[in-house]
Each structure stands twice: as C-alpha cells, then as structure tokens.
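Asker: turn this into a structure:
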Amino acid sequence: MTERETGGPAGQTPDGVIGQVIGNCTIESLLGQGGMARVYRARQENLDRIVAVKILPPYYAADPAFVERFKLEARALARLSHPHIVIVHDAGADSGHLYIVMEYVSGGTLRDYMEQPLTLREVTRIVREVASALTYAHSQGIIHRDVKPVNVLMDTNKRMVLSDFGIAKVMATSAVLTRSGAGVGTPEYMSPEQCRGGQVDHRADIYALGVMLYELLTGHTPFEADNYTALAHSHIYEAPPFPSKLNPRISPAVQAVVMKALEKDPAQRFQEATELSVALDQAAAAQAPIPAPSPHRRQAPATAPIHAQHAGITCPRCRAANNPHQRYCSTCGQPLQPGVPAPVSGQLRQTGGLTSGSIICPHCQAPNKAINRFCTTCGGSLMQGVPGKQCRNCGARNRAGVQFCMNCGEPL
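Answerer: A predicted model of the protein is given here:
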C-alpha cells in the first residue's frame, strides 16, 4: 500500500488505532487504505517480526453473520501456499475490530511500479506471476474478485505478490454493504457479469487480469469514466478500443491475446489464467526488434511474394493474400470466389492498419511490419500461439487474426 491511496502522508489516521495492540500486534503506522479497509504496519510481539494488519471498518464487526463469514474465509485464505500469494498469518476480532495479519511486503505495489515505462518482457513476467497465483487459487476453489494493480504487492526483488483474496466475496455477504464507502470490486476492472450482479466464477478474475494487461501495455484501462454506471455500461455493452490505438508498438499477436481476455462472454475468454500468460509469452516471442540490415545482404522487399506452397487468392478489394480454400478475405471480408454472396452482415468493414512496431517471423526470421498477419517472405503465420475464434454465426473455427469468418463471411 502506498501514500497515494491514503490521500495523505503515511502515518496519519482518523481512527486512533496507532499504538494499540490488536491481534497481538502493535499497530505502528498506516500503510494505505481502500474502500473496504485500512492496512497498517505493525509488530507481532510474540514472534518479534514486522507484519501488515488489515483492519475493517468497525460497523462490520456489528454484523454477526458477517463476522462468521469473515472467519470462514480467513481460514480458507490461510491455507493458500504459493510464492505469488501473500501469506495470511492470523485473523479474528479484537476490541471491536475485524483484522487480518499478513506478511509485510515492502517493495510497494504494482500501481507504483507502473509509473515508469515497462518493457514487453517485464509485462509478460508480471502477468505470468499474477496468472500463476490466480490459477492456483482457482484450483483451491477461491476467486479473488478484485484483481487490480494496487492489490499486487512487490518485494524488494520485484516479485509480484497478490493480496486481498476473498475480501470482496466477504463484503458481498454483509447486511451493511450499502453503507457509504462500502463496495464490491473496482469498476474499472470488473467483468460484465460482475457489473450485472450475476453469478461470478474464476473467469471474472481472468477478465480483470486482461484489464490489467491492457493497462500495462497502454497506460489506460479499456474504459474510463467518473461514475460506476457509465463504467458498468461500457463493460457490459461496448467493445474495448484496440490497445494498438493507444500504443501502436503492440503487435497483432499481443493485441489478440488482450482482446480474447476481454471477451464479454466468459466462455469466449481464456478458461485459465495461465492460458492467458502462455499465449502472451508466445505472442511476445514473435515480437522481436528488427536487426539492422547488413550492407552486404539484400533485404527482401516489404511486398515479397509468398512462396508457392502458400500461394492463394489475392483479394481484389484490399490486395491481401489468402489461402486457396478461403471463400472470404481474412483481412477485409471481400468474397474471393465467383458466386459467393456478400457476408451475412450485408456490409464489409474496413479493419484499419496497425502501424509501427515490428515482428520477426518465427519460421524464417524475416522482418515484417506489425500490420502483417502472415510473413511476406515465407507466408508463415505471425500469430503463432494465439488461439483462434469460433464464428458465432456458423460455428466454424477460424485461425487467430482473422477478422471475418472464412466459411460464412460474418465479422468475428
């Protein structure tokens, strides 16, 4: 937790718990606060160690049903053992306060770390570590419900440690939830099903991780507004802007991973958090810096022909190369064969080129522009490792990067 969350210097607190002993811990200073609780630096006297103590507002302790649910969740969280999940040492009620005693992670939060530019390699590492924590927790039947940068702590070695597991779920059971200042989740990171108030499973965490990935790559969340209603409407009904519009260095392969994680329908997202991180690793591996050209080696032109084994049909509308069996262009949706009707939607879309950035072909190592989905030298796919989409109109499976169904022409 950081000073920017508290709205004032660390150490200032209006509730007077500084110096008190709660749960055998002497409260020393305020580390930070959110909408649900405050976190303090404390000393656990019996073990003589520094810990972090999360203390919930006093009115929660007045709800017996909430207190019981809180204790049950705390026991479940204490059983989690993973290098990227914060350790829960103790939890309970003391002097009218509900508290959780956790390991003290001293390196700040991911929100602090995001203030500086991050490389793609660093972004993939962060997502990989958080995804491993989520996949482990999900395997134990625990959903986080509030994945966001301020809930990702860092130690001094920049190891990511996910905190605040289960707090949002406990809050949802409280009879005093509607009190001012209480809430469940954070609107910028909430999945469409959370915004609707519907049934939530582990795929809500995957959506939130997708939002966090979007923010790591662009510096912005997909939807931004100053009120919950507008944000909820966007999450439920609006397509997120392509991250490449905010950061043109993002390759089509990386962008495809982000957009799949942000699918409105949970069934269309990655089904495990580690699936997201593996796809991101593979997409990023193809996005390598283009080496400086050798003065003695002739570079292949940007419009180099595709090898014979990949020869196909050139789209008469956008001039993109397509495989011989395709009925519709995978770039603009134009019918490629005589007698093939226009797409079911009745209107072809301009997909717009992605600019800047470079991709090294994983097959022949030739440099390509970021807009390319297939290598201009060998015709190999530049979308290696990125799962394709199933057409919602006809059910056909299409490869990654295809914008229009190759079977019926419907936009994907």
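
Asker: tell me where the chain has helices.
Answerer: Listed in chain order, the helices of the chain (DSSP state H) span residues 3-6, 64-78, 110-113, 120-139, 167-171, 192-196, 203-218, 228-237, 252-261, 273-285.

Asker: packing partners for the fourth one?
Answerer: Which is helix 120-139. Counting contacts by 3 or more C-beta pairs under 8 Å, 6 or more residues apart in numbering; DSSP states H and E, helix 120-139 packs against strand 160-162, helix 203-218, helix 273-285. Just so you know, the C-beta spots here come from the backbone N, C-alpha and C atoms, and that holds for glycine as well.

Asker: about what we covered before: could you dump the helices of the chain into CSV with mean neighbour count added?
Answerer: Below are these laid out as CSV (neighbours: other C-beta atoms under 10 Å):
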stretch, mean neighbour count
helix 3-6, 16
helix 64-78, 16
helix 110-113, 19
helix 120-139, 20
helix 167-171, 22
helix 192-196, 19
helix 203-218, 24
helix 228-237, 16
helix 252-261, 24
helix 273-285, 21
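
Asker: where in the stretch 301-412 of the chain is pLDDT low?
Answerer: Residues of the stretch 301-412 of the chain meeting the criterion pLDDT under 70: 301-312, 318-319, 321-334, 339-364, 368-389, 397-412.

Asker: same question for the stretch 1-150 of the chain.
Answerer: Along the stretch 1-150 of the chain, the parts satisfying pLDDT under 70 run over 1-15, 34-36.

Asker: just send the helices of the chain back as JSON lines, with distance to Ala42 too.
Answerer: Putting the helices of the chain into JSON lines (distance: least, C-beta to C-beta, whole Å) gives the following:
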{"stretch": "helix 3-6", "distance to Ala42": "16"}
{"stretch": "helix 64-78", "distance to Ala42": "17"}
{"stretch": "helix 110-113", "distance to Ala42": "21"}
{"stretch": "helix 120-139", "distance to Ala42": "24"}
{"stretch": "helix 167-171", "distance to Ala42": "18"}
{"stretch": "helix 192-196", "distance to Ala42": "32"}
{"stretch": "helix 203-218", "distance to Ala42": "29"}
{"stretch": "helix 228-237", "distance to Ala42": "33"}
{"stretch": "helix 252-261", "distance to Ala42": "37"}
{"stretch": "helix 273-285", "distance to Ala42": "31"}
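
Asker: closest one to Asn393 among those?
Answerer: In terms of C-beta to C-beta, the element of those nearest to Asn393 is helix 252-261, at 18.4 Å.

Asker: what does the pLDDT read for Leu262?
Answerer: Leu262 carries a pLDDT value of 97.

Asker: that one: neighbour count?
Answerer: By the criterion of other C-beta atoms under 10 Å, Leu262 has 25 neighbours.

Asker: so how far is Asp205 from the nearest residue to Gly107 once chain neighbours are set aside?
Answerer: Nearest non-adjacent residue to Gly107, counting by C-beta to C-beta, 6 or more residues apart in numbering: Met154, 3.8 Å away. Distance, Met154 to Asp205, using C-beta to C-beta, to the nearest Å: 19 Å.

Asker: so which of the helices of the chain is nearest Ala91?
Answerer: Minimum separation from Ala91 across these (C-beta to C-beta) falls at helix 64-78, 3.4 Å.

Asker: tell me what angle that closest one forms with helix 120-139.
Answerer: Here the directions of helix 64-78 and helix 120-139 differ by 120 degrees (axes from the mean of the first three to the mean of the last three C-alpha atoms, to 10 degrees).
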